[in-house]
Structure formats: structure tokens, C-alpha cells
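A.B. asks: model this:
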Amino acid sequence: MRRDLSLFLTLAITQTTGWGTTSVLAVLAPAIAADLAVPLPSVFLGTAVFYVAMGLAAPLAGRAFRGIGARRAMVVGAVGLALGLAGLGLCTGLVPFLFAWGLMGVAGALFLTTAAYVHLADVAGERARGLIGMLMLVTGLAGSLFWPLTAALEHLAGWRLTLEIYAAVMAFAVAPLVLAGLRQPEAAIASDQEMSPASPASKRALRGQIFWFLVLAIALNSFVTSGMEAVGITLFRVLGADPALAIGLASFLGVLKVSGRLVELVGGKRWSALSTGLVAGALIPCGLLVLLLFGAGPVALGLCLALFGLGSGAFAVARATMPLAFYQKADYAAAVSAIALPMNLTTALAAPILSGLITRSGASATLGLMVLLSGLAFLLLLRLKTLSARPPVRPVALADGSTA
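C.D. replies: This is a model prediction of the structure:
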């Protein structure tokens, strides 16, 4: 219990700090745009570059997790994030600004979220699912903690010095804490001798039907949930809500998402991760469908927020824990790293695609697309549940004593 508590606290502090320092554009973007003399949307391209780079680097990160262990990869990633943040603070133009975000995306693949889950799977075994749920609950508050801090630092020191301070925190506090606070699992120690980037078992695991159903279900729902986070305020305004109410609705949606994560954390021991994913995957399209069919009336909005918020919060935990239901520890790192590629790419694409659709075709078309994609994700999860329920194939004895 003490070892788990120390492990959890180390990951909670370092992951919250990592996500908090990479979410600075929500606060600093106007000041950066004015200083660099570029349009505000150009500054927000940094977030898209970050997620695309993190997704493209995910396979490389998976090999690093297997080769040197998630703990050491996280140290490298923390230093890389520090270099990227320091570079952002020194940028004088848009091109180096976006390049720095690309560097941070590669570093984020080694440090953020997936690395923490892989390390938990390596060292915590069957307890990993509960610890992942607790970690997601805490890191979901990164913006709430760091946005006010970032605003205060910008007011006192300006945006450039704020980024340099965060770079120093990542390099001289977070990286040493990872190195000192996380223990090296036995599997990673053994890998120091000689280990190929991916075992034959891992390669077979990433070619199966189950893997592709997982990839598609998670990617589709990630597109919908991350897109709703990005365009939710605009969507509610187009549907008729005044600006203050739209912001309030979006904020309440965030509270419900945390509640959904808490439900999975409290009750996760009573049901499987796949069951959580299936129920959450059903709630997401149902909530959107209510809004599409009944409009933005108070009752419809409340029901939509409740269903979608709880569903997306619970699914955020399920997408990290569902692979544990299908893969052994040796293959988990390869699976979640491969899943991270399409998940991060769809996250990067969701905001521009959905915002463009709202502008050109309106709220109904946008909601219709989100219902369609999340409904398809639910059908894939339903198929996964069917596959997981199949009994294992037993060898059949032949007349000559052999088996088939």
C-alpha cells in the first residue's frame, strides 16, 4: 500500500505538471499573438502540431518503453518538454514557435499519459486499473490548477518568463522526481541486457481483430469527446444559448466528466473495464442524440450534458484500461503506444473539422456527424464484448493420439 501511494503521488504530481505546462495556450495565446504579430488562430496551431507530433512519435515511444523502460523514457521526455518550453519562450516568429511545439509533442509521447500507464502496468499488475483511474481523476484537474497560476505568472513576469519558469520546473523538479520516485520494474531491468524493440508476441497482438476494433472505437470516441471540449461553447451558442450560459454549460460538462471518472474509480472493481467502455460508449451518442432530436431546451440540454458528460468521463478511463483486458503486461506497452497514434491524430483534427462544419453546415449537421461516429464506436465496442465472451479453443484429440 505504501509503495502504491508513493508511486501514485509521484505520477500524479509529475503528470499534472506536465499537462499543466503544456496547456498554457489557453491563457497565453493572446499575449503571444500580439508579441509575435500573428493572428490568434495561428498561435493555436501549436496545439494541433503538439498532438500530431505526439501521435506520430507514439510508435517510437512504444519501442523506447520496451527497450529502456517507461521510467527512463519519462525522464527523457521531461527534459524534452523543458527544452521545448524554453524554446517557446525564446521564439521571435511563427515557424520556430511551431517547431518548438513539435519538439514538445515528441517529448510528450515519452512522458505524458501513455508512459505513466505503461509504468503502472509494469509495476502494479492487477492494481494498475484502479491506479490509472485515480491518476486520470487527478490529472483532469491540470487546467484548473495551472490556468490561474499561468495567468498570475504572466501578469507578474510576462509570457516569455512564465514559459522559462515552467521549463526549469520540468528540468530541475519533474525529471529528478521521476528518476527518484519511480522504481525500475524487473522487466525493464532485464531489458538492459538485450531486448528487441517488439517481441513476436507483441507483433501478433497488434495485427489481430481485437486490436483494430480497439483502435477504431477509441479513435472515433476521442474525436467526438475532444471535439466537444473544443467547440462545445460555440455549439451551444449556435443552438441559441447566450454567451454566459454557453460557457456555464461547457464548464458544467467538465464537472460531469470528472464525475464519470469518479464513478469508474469507485465501482471499477465490480465490473470489467470493457463493461465500463460499453456503457460509456452508449451514453455518449445517446446524449448527443437527445440534443439533435429535441433541440436546446432546458430539459434536453440537462439530459444531454448528464449522459454525454458521464459517458465521456468514464470512457476516458476505459480507453486506458480496456487494453488490460486483452493484453498481457509484455504486450500492453506496444498496444497502448500503437493506439495513441490514431487517438492523438483524431484529437488534433477534431477542433478544426467540427468548427468548420458548424460554420458551413450548422449545429444539426455537426451533431449528426458526432452521433454517427460515436454510434459506430459503440457497435465496435459491442463486437469487442462478444469476442471477449467467446470460450477459448480447446485442442481436439485425434484417433492417433495427436491433437488438432
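A.B. asks: what residue ranges in the stretch 101-250 of the chain score low on pLDDT?
C.D. replies: 185-207, 246-247, 250 (pLDDT under 70).
A.B. asks: rerun that using 80 as the cut-off
C.D. replies: Residue ranges of the stretch 101-250 of the chain with pLDDT under 80: 124-130, 133, 137, 140-141, 143-144, 184-209, 229-234, 237, 241-250.
A.B. asks: And the helices in it?
C.D. replies: 114-124, 128-139, 142-169, 175-181, 186-191, 200-205, 209-238, 243-267 (DSSP state H, counting those that start in this stretch).
A.B. asks: Between these, which one is closest to Ala340.
C.D. replies: helix 114-124 (5.1 Å; Cβ to Cβ). (C-beta placed from N, C-alpha, C; glycine too.)
A.B. asks: What helices and strands are in contact with that closest one?
C.D. replies: With contacts taken as 3 or more Cβ pairs under 8 Å, 6 or more residues apart in numbering; DSSP states H and E, helix 114-124 sits against helix 2-21, helix 58-68, helix 70-90, helix 128-139, helix 329-361.
A.B. asks: so how far is the first one off the chain centroid?
C.D. replies: Counting by Cα atoms, centre = their mean, to the nearest Å, helix 2-21 is centred 16 Å from the centre of its parent chain.
A.B. asks: buried stuff in it?
C.D. replies: Buried residues in helix 2-21, counted by 16 or more other Cβ atoms under 10 Å: 7-8, 10-21.
A.B. asks: residue contacts, the nearest residue to Met104 once chain neighbours are set aside?
C.D. replies: Distances taken as Cβ to Cβ, 6 or more residues apart in numbering place Gly84 nearest to Met104, at 3.5 Å, with adjacent residues excluded. Contacts for Gly84 were tallied using Cβ atoms under 8 Å, 6 or more residues apart in numbering; they are Ala100, Trp101, Leu103, Met104, Ala107, Ala167.
A.B. asks: could you redo the last one with a cut-off of 7 Å?
C.D. replies: Gly84 sits next to Ala100, Leu103, Met104, Ala107 when contact means Cβ atoms under 7 Å, 6 or more residues apart in numbering.
A.B. asks: ditto for Leu288
C.D. replies: Cys304, Phe308, Leu367, Met370, Val371, Ser374.
A.B. asks: secondary structure element for Pro30?
C.D. replies: Using DSSP states H and E, the element containing Pro30 is helix 25-36.
A.B. asks: Out of the contacts of Gly84, the closest to Thr347 would be?
C.D. replies: Closest to Thr347 out of the contacts of Gly84 is Met104 (14.9 Å), distances taken as Cβ to Cβ.
A.B. asks: How many residues are close by the closest one?
C.D. replies: A count of nearby residues for Met104, using other Cβ atoms under 10 Å, gives 29.
A.B. asks: That one reaches Leu81, doesn't it?
C.D. replies: Yes - contact criterion Cβ atoms under 7 Å: Met104 and Leu81 qualify, at 5.7 Å.
A.B. asks: Just the pLDDT for Phe294.
C.D. replies: Looking at Phe294, its pLDDT is 87.
A.B. asks: Give the full set of residues in contact with it.
C.D. replies: Residues near Phe294 by Cβ under 7 Å, 6+ apart: Ala300.
A.B. asks: As CSV, the contacts of Gly84 with distance to Phe50 would be great.
C.D. replies: Listed next are these as CSV, based on distance: Cβ to Cβ, whole Å:
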residue, distance to Phe50
Ala100, 10
Leu103, 9
Met104, 6
Ala107, 10
